[in-house]
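> One predicted model, sequence on top.
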Amino acid sequence: MKQNLLRCLPLAFSALLLGGAVQAQDKTASQLSTWSIGVNAGVLSPISPLGGKNDFSNWKSDLGYGLYIKKQITPYFSLRLDGVKGKLKGDNSKAFDGGAVITSSTTGFETNLEYSGSLNAVVNLFNISMFNSNSAVQLYASGGAGLAGYKVKTSTNGGGLTDYAGGKTISELIIPVGLGAKFKVAEKVNLDLGWTVNFVDGDNLDGTYRGSNDKYNYAYAGLEFSLGQGKQLAWHNPVALTYDEALRAKQAADALKSDLDAQKAENARLKSEVGALSTDSDGDGVSDKFDKCPGTPSGVVVDGSGCPLKVPVPVVQEKVIITEADRKVVADAIKNLEFDLGKATIRAKSYPTLDRVAALLVEKNFSLKLAGHTDNTGSAALNMRLSKDRAESVKGYLVGKGANPSRIEATGYGMAQPIATNKTAAGRQQNRRVEFTLF
């Protein structure tokens with residue numbers, strides 16, 4: 001059993017190191033630190049306050065020291081590989097407290113604990129600051145198994161110390177059980193106070209056989225140093241973090257609701273504006289918004305402001321001659337035409353070139369077709385409506401500047417007639433347009 005444990009402990013230590021290497025390579029893993037090392041020193045004594053028989057009436061305390069490496073698996077559970085060295089001493093220089101008679105010829109011993117290695121499971125019992133995402137004080141319990149190697153010297157009838165078992169190093173299975181308290185003194189440094197009772201699977205620790213297994217305890221104080229980046233997982237409080245995440249989620253939901261409400265209000269305003277542009281109560285072809293003579297009787301020819309023409313002008317079909325200069329006026333208007341994002345509102349920078357188009361229509365009595373187009377962002381229904389609204393908005397502007405509404409046709413095609421790819425921002429920009437066609 002001891003030989004198997006000797007083989008298993010290095011394997012367990014290697015598994016811990018391998019697990020840490022894998023986690024270090026995982027770029028998406030939590031940024032909390034899970035590895036730490038500790039050093040400590042304290043008092044070794046060859047008894048157990050938990051009870052049982054003691055082989056010597058006068059136990060003595062001596063210096064012990066140790067180190068460990070720990071892997072934190074969760075905030076409440078870790079695996080720790082401990083090593084302890086030191087000396088254990090005792091003699092029969094005084095009577096047993098219970099009045100038992102000293103019959104052993106061995107009057108004293110000194111044991112050199114050459115090594116003591118164990119793999120322990122450590123459980124954080126609770127964190128003191130339960131409502132903070134990172135605590136500062138915690139209590140823990142530990143338990144595990146390992147091996148201790150030691151050499152014993154004994155004295156007989158008050159004589160000098162002599163080697164026990166021929167001076168050989170004796171290896172025994174040990175079962176350590178402990179309690180401790182930890183205090184965070186800095187982000188990467190903890191003060192560690194602990195006490196461990198080691199139950200030995202044998203009766204050779206003090207060189208005296210009395211029919212019961214030996215034991216020794218180690219009370220210590222030390223420092224633990226966190227390795228790697230990030231805060232320590234051991235101090236991490238999942239309950240508090242869950243509360244913080246829920247609070248952040250609620251704040252995000254509230255912000256999203258506020259944005260949605262604002263967007264609904266904006267959509268309602270836009271719908272009202274578009275409705276005002278498209279409403280023509282008297283059916284004269286001029287929107288109510290620009291109609292200066294509302295209520296015009298049906299069939300009366302009106303001008304661009306919606307008022308009856310003083311002198312009816314017979315319509316004479318004649319050949320329309322469109323010059324390059326005329327086309328340039330229209331091309332400039334197309335080039336400079338801009339709307340507010342996602343809306344049919346014409347931006348002010350577009351007014352000068354649209355004014356020249358209106359003047360051209362009034363001067364030469366041209367007809368104009370306005371074709372609105374969009375890219376493929378959003379639904380087909382939304383794009384069809386937006387393209388139609390934008391074409392109507394341009395028509396309304398031109399009519400407001402005196403152009404004849406009966407000679408302007410406004411049509412929306414949505415995203416059905418792209419002139420460039422919709423896979424790039426530049427292509428989508430070209431597809432968002434209103435085409436002007438003189439005839």
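Here it is on my side, so go on.

> can you pull out the strands in the stretch 201-350 of the chain?
Counting by DSSP state E, counting those that start in this stretch, the stretch 201-350 of the chain has these strands, from start to end: 215-227.

> Extract the residue ranges of it that are flagged as low pLDDT.
Across the stretch 201-350 of the chain, the ranges flagged by pLDDT under 70 are 211, 238-246, 276, 311-319.

> Spell out the residue ranges of the helices in it.
238-278, 324-336 (DSSP state H, counting those that start in this stretch).

> closest to N58 out of those helices?
helix 238-278 (49.5 Å; Cβ to Cβ). Backbone N, C-alpha and C define where each C-beta goes, glycine included.

> Point out the other helices and strands that that closest one packs with.
helix 380-400 (3 or more Cβ pairs under 8 Å, 6 or more residues apart in numbering; DSSP states H and E).

> Buried deepest among the helices of the stretch 201-350 of the chain, which one?
Of these, the one with the most neighbours on average (mean count of other Cβ atoms under 10 Å) is helix 324-336, at a mean of 14.

> bridging residues for V197?
Under DSSP bridges, the beta-bridge partners of V197 are V177, N217.

> What separation do you get for it and E324?
Distance of V197 to E324, given as Cβ to Cβ, to the nearest Å: 103 Å.

> Tell me where the longest strand sits in this structure.
Ranked by number of residues, the top strand in the chain under DSSP state E is strand 106-127.

> buried sites along that strand?
106-111, 113, 116-120, 122, 124, 127 (16 or more other Cβ atoms under 10 Å).

> Pull the most distant pair out of these.
T107 and N127 (49.1 Å).

> Distance check, C307 against K292.
For C307 relative to K292 (Cβ to Cβ), the value is 6 Å.

> Neighbour count: the two, which is higher?
For C307 versus K292, neighbours defined as other Cβ atoms under 10 Å are more numerous around C307 (16 against 12).

> surely the more buried one meets G295?
No: at 11.0 Å, C307 and G295 do not qualify as touching, with contact defined as Cβ atoms under 8 Å.

> Give me the phi and psi for E172.
phi -130, psi 150 (degrees, to the nearest 10).

> same thing with S379?
Torsion angles, degrees, to the nearest 10, at S379: phi -80, psi 160.

> Likewise for D340?
The phi and psi values for D340, taken as degrees, to the nearest 10, are phi -60, psi 150.

> That one and Y351: what is the separation?
From D340 over to Y351 the distance is 14 Å, taken as Cβ to Cβ.

> try G178
G178 sits 83 Å away from Y351, going by Cβ to Cβ.

> More neighbours: these two, which one.
Using other Cβ under 10 Å, the more surrounded residue of G178 and Y351 is G178, with 21 against 14.

> The more buried one and F199 touch, don't they?
No: in this structure, G178 is not within contact of F199 by Cβ under 8 Å, at 11.5 Å.

> hey, where'd the strands end up in the stretch 1-150 of the chain?
35-45, 58-60, 62-74, 77-91, 106-127, 137-156.

> closest to D355 out of these?
Going by Cβ to Cβ, the one of the strands of the stretch 1-150 of the chain nearest D355 is strand 62-74, 71.9 Å.

> Can you mark which positions in that closest one are buried?
D62, G64, Y65, G66, Y68, I69, K70, K71, Q72.

> what's the angle from that strand to helix 238-278?
Angle, strand 62-74 to helix 238-278, by axes from the mean of the first three to the mean of the last three Cα atoms, to 10 degrees: 30 degrees.

> what sits up against strand 62-74?
For strand 62-74, contacts defined as Cβ atoms under 8 Å, 6 or more residues apart in numbering pick out 13, 16, 19-20, 33-45, 78-89, 113, 116, 122, 218, 220, 222, 224, 232-234.

> roughly how far out does the helix or strand S171 falls within sit from the chain middle?
Per DSSP states H and E, S171 falls inside strand 170-186. Between the centre of strand 170-186 and the centre of its chain there are 34 Å (Cα atoms, centre = their mean, to the nearest Å).

> what helices or strands is that strand leaning on?
If contacts are counted by 3+ Cβ pairs under 8 Å, 6+ apart, strand 170-186 sits against helix 2-25, strand 106-127, strand 137-156, strand 189-200.

> Surely A371 touches G414?
No: the pair A371 and G414 fails to qualify as a contact (Cβ under 8 Å) at a distance of 10.8 Å.

> Give me the more crowded residue out of these two.
Using other Cβ under 10 Å, the more surrounded residue of A371 and G414 is G414, with 21 against 17.

> in terms of contact, does that one touch D375 like I think?
No: contact criterion Cβ under 8 Å: G414 and D375 do not qualify, at 9.9 Å.

> Which neighbours do the two have in common?
N383.

> just to revisit the earlier point, and the strands of the stretch 1-150 of the chain: which comes nearest L277?
Among the strands of the stretch 1-150 of the chain, strand 62-74 comes nearest to L277, with 63.5 Å by Cβ to Cβ.

> ok and that closest one relative to strand 77-91, angle-wise?
Going by the same axes, to 10 degrees, strand 62-74 makes 170 degrees with strand 77-91.

> Okay, angle between strand 62-74 and strand 106-127 too, please.
Using the same axes, to 10 degrees: strand 62-74 against strand 106-127 is 30 degrees.

> how close does G222 sit to Y351?
According to Cβ to Cβ, G222 stands 79 Å off from Y351.

> swap in L361?
From L361 to Y351 the distance is 15 Å (Cβ to Cβ).

> got a markdown table for the helices of the stretch 201-350 of the chain, with distance to T437 too?
Shown next, in a markdown table, are these (distance: least, Cβ to Cβ, whole Å):
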| stretch | distance to T437 |
| --- | --- |
| helix 238-278 | 21 |
| helix 324-336 | 8 |
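
> Figure out which of the ones you listed is closest to T345.
Closest among these, using Cβ to Cβ: helix 238-278, at 6.9 Å.

> centre of the chain versus the closest one, how much separation?
Averaging C-alpha positions (Cα atoms, centre = their mean) puts helix 238-278 23 Å from its chain's average.
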